[in-house]
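> Fold the following.
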Amino acid sequence: MDFRTLFALPAVLVLLAACSGGPTNPEQAKPRTLDQIKDSGKLVVLTRNAPTTWYIGRDGKPTGPEYEMVKAFADHLGVKPEFKRRGSLTAILDSLEKGEADLAAAGLTATDKRKQRFRFAPSYQEVTQQVVCRRDGARPESVDDLVGLDLKVVADSSYTERLRALKAAGHPDLRWQETSNLDTEALLRQVWKRKIDCTVADSTIVDINRRYFPELITPFNLSKDQPLAWALPASSADLEEAIADWLGRFRSDGRLADLREKYYGFFKMFDYVDTRVYIRRIDKRFPKFRTYFRRAAEKNDLPYTLIAAQGYQESQWRAHAKSPTGVRGIMMLTRTTARALGVTNRLDPRQSIFGGAKYLARMKERFSDKVDEPDRTWLALAAYNLGRAHLHDAQKLAREQSLNPHRWRSLKKVLPLLAKKQYYRHLKYGYARGTEPVRYVRRIRDYRLVLKNELKD
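I've put the predicted structure just below:
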């Protein structure tokens, strides 16, 4: 709320505005009604360019969690989404208040202060504010430890709101800088480059960026869980109702969970040492095999970074790798599998990579047409690791538990049960270390994300 405007208004008008739920700023443009949005054929949305909101994918097309949700809602309304990108949170909120869009979908926390200016749709996700520093730098363990540090955060963010509340609640010496020129991702990079001591970021943003900057640490949380939601003009009650109705069905149909799995489902474990070693090996080991991965992927219609990440998970890109169970080579093929694939020398990196890619492509073909991407790829990777027979058992178990056997988020719940007697004794193929394929898929997704960022091609 703009308090200068508030004090300039007669008290009775302030009271009426508050009771009606309308905008408290008389300068705020009147928003379009839901009917006007439908009649126009487009939904105008403010967002920002970031991996947790909206960005251009490798295929040159827009993607991102907020993008996909907005598109799904626009499809529900029968209109086309029109995205307007702004460079800062301040610009996004100011543009929304000026009536330049119907809503803002930009990873916004629904804070009490923002609710004084805007209406918020129901929350679609919760995040935690985290203090982020560099491993070999400042390591504060409490709010008091932040005093004296070079702490910089995004202006007009939920972070500044939280810091002000902490300052007023018993930490008068707390100081920080605010910036409207840099976003949270850029501030994380500054911490990584040692230009500032620490910043504050949402847990989802931290999860993604620690893969790119493994030296970053989160010494403590600055807040409890907070809701993310779309912001609307204060008087857009009909639009809020439409979003609530759609989001309820989007959630109950499992589509919201699918979206979260797609973008965040594999950010569970973080191994600083492993990631640092991996990045070094991208520079030193990967170039020797890069051409093989590219050609094998093209031949089998697979993303080459996926095959490369799988190769690292299997052998750390060591051509002569060997496990106690007898699997060998970069793609760790069994003797039987190699023979079926026409691989005569498992230690030949070219043969191993081409054989592994061919085998993964075969695994993808062995699932029902009801299995869509990216689930088909995750299920195929799990089958590569554990065997198609055990995946068949896992799908059977998923059905018995009223879960979708065609979705990876369902199978990763039931796969660990294959190691429990009360479950596997009733299954056709019996015991299996079901936790392994869950970790296997998660780490390949993780490695692939880092590889794509390092290669930038």
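> When you work out contacts or count neighbours from here on, use the C-alpha atoms and nothing else.
Noted.
> just checking, what's the longest helix in this structure?
Longest helix of the chain, by residue count under DSSP state H: helix 435-455.
> got the contact list for stretch 281-288?
Stretch 281-288 is contacted from outside by 317, 451, 454, using C-alpha atoms under 8 Å, 6 or more residues apart in numbering.
> measure Ala101 to Arg294 for me?
43 Å (C-alpha to C-alpha, to the nearest Å).
> again but with Cys133, I slipped
37 Å.
> now Lys322, which residues is it bridged with?
Beta-bridge pairing for Lys322 (DSSP bridges): Arg328.
> circling back to that earlier point, compare neighbour counts for Cys133 and Arg294 and give me the winner.
Cys133 (26 against 18; other C-alpha atoms under 10 Å).
> that's a helix at the more buried one, yeah?
No. Cys133: not assigned to a helix; according to DSSP: H, G, I helix; E, B strand; the rest coil it is strand.
> how's this protein carved up into domains?
The chain breaks down by automatic domain parsing into domains covering 3-122+228-264, 129-223, 272-455.
> Can you check the pLDDT for the nearest residue to Ala231 once chain neighbours are set aside?
With C-alpha to C-alpha, 6 or more residues apart in numbering as the criterion, Ala231 has its nearest non-adjacent residue at 4.6 Å, and that residue is Phe120. Here, the pLDDT recorded for Phe120 equals 97.
> dump the residue contacts of Phe120.
Taking C-alpha under 8 Å, 6+ apart as the test, what Phe120 contacts is 110, 229-232, 240.
> now swap in Tyr429 and tell me
Taking C-alpha under 8 Å, 6+ apart as the contact definition, Tyr429 lies against 389-390, 393.
> of the residues you listed, closest to Glu141?
Nearest to Glu141 among those: His390, at 45.2 Å, using C-alpha to C-alpha.
> Which of the residues in stretch 341-351 are classified as buried?
Across stretch 341-351, burial judged by 16 or more other C-alpha atoms under 10 Å covers 341, 343, 346-347, 349-351.
> And the helices in the stretch 101-250 of the chain, which stretches?
Along the stretch 101-250 of the chain, the stretches classed as helices by DSSP state H, counting those that start in this stretch are 112-115, 158-168, 184-192, 203-209, 237-252.
> Now distance to Lys42 and mean pLDDT too, for those, in CSV please.
Compiled in CSV, the helices of the stretch 101-250 of the chain are given as follows (distance: least, C-alpha to C-alpha, whole Å; pLDDT from 0 to 100):
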stretch, distance to Lys42, mean pLDDT
helix 112-115, 26, 93
helix 158-168, 29, 95
helix 184-192, 30, 91
helix 203-209, 29, 87
helix 237-252, 13, 96
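> which stretch among those comes nearest Gly87?
Among the helices of the stretch 101-250 of the chain, helix 184-192 comes nearest to Gly87, with 11.2 Å by C-alpha to C-alpha.
> quick one: low-confidence parts of the stretch 151-300 of the chain?
Low-confidence segments of the stretch 151-300 of the chain, defined by pLDDT under 70: 266-273.
> Show me where it has its strands.
Along the stretch 151-300 of the chain, the segments classed as strands by DSSP state E, counting those that start in this stretch run 152-154, 177-179, 198-202, 216-217, 226-228, 231-233.
> In TSV, list those strands along with mean neighbour count and distance to Trp246.
Shown next, in TSV, are the strands of the stretch 151-300 of the chain (neighbours: other C-alpha atoms under 10 Å; distance: least, C-alpha to C-alpha, whole Å):
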stretch	mean neighbour count	distance to Trp246
strand 152-154	24	31
strand 177-179	14	36
strand 198-202	26	26
strand 216-217	22	37
strand 226-228	18	16
strand 231-233	28	15
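> Next, format those as a markdown table and append distance to Glu373.
Conversion of these to a markdown table gives the following (distance: least, C-alpha to C-alpha, whole Å):
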| stretch | distance to Glu373 |
| --- | --- |
| strand 152-154 | 36 |
| strand 177-179 | 40 |
| strand 198-202 | 28 |
| strand 216-217 | 32 |
| strand 226-228 | 27 |
| strand 231-233 | 31 |
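> thinking again about what came up before, and the buried ones among the contacts of Tyr429, selectable in PyMOL?
Selection of buried members from the contacts of Tyr429 for PyMOL, criterion 16+ other C-alpha under 10 Å:
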select buried, resi 390+393
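> and which of the contacts of Tyr429 is nearest Gln313?
Relative to Gln313, and with distances defined as C-alpha to C-alpha, the nearest of the contacts of Tyr429 is His390, at 20.4 Å.
> check contacts around the closest one.
By C-alpha under 8 Å, 6+ apart, His390 lies in contact with 383, 429-430, 432.
> Could you list which of those belong to helices?
Using DSSP H, Ala383 are the members of these that sit in helices.
> Can you name the two of the contacts of His390 that sit furthest apart?
For the contacts of His390, the farthest-apart pair by C-alpha to C-alpha is Ala383 and Gly430; their separation is 15.2 Å.
> Between the two, which is the more surrounded one?
More neighbours surround Ala383 than the other of Ala383 and Gly430, with 20 against 16 (other C-alpha under 10 Å).
> Pretty sure Ala361 is one of the things the more buried one touches, is it not?
No. If you go by C-alpha atoms under 8 Å, Ala383 and Ala361 don't touch, sitting 11.1 Å apart.
> ok so, going back, can you list the contacts of His390 in CSV and add distance to Gly265 and pLDDT?
Listed next are the contacts of His390 as CSV, based on distance: C-alpha to C-alpha, whole Å; pLDDT from 0 to 100:
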residue, distance to Gly265, pLDDT
Ala383, 19, 93
Tyr429, 28, 87
Gly430, 27, 83
Ala432, 23, 82
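> wait, which of the contacts of His390 is closest to Leu415?
Checking the contacts of His390 against Leu415 by C-alpha to C-alpha gives Ala432 as the nearest, at 8.5 Å.
> okay, now the closest one: neighbour count?
19.
> can you redo the contacts of Tyr429 as TSV with distance to Glu373?
Listed next are the contacts of Tyr429 as TSV, based on distance: C-alpha to C-alpha, whole Å:
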residue	distance to Glu373
Ala389	21
His390	21
Asp393	21
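> Kind regards, and thank you for your time.
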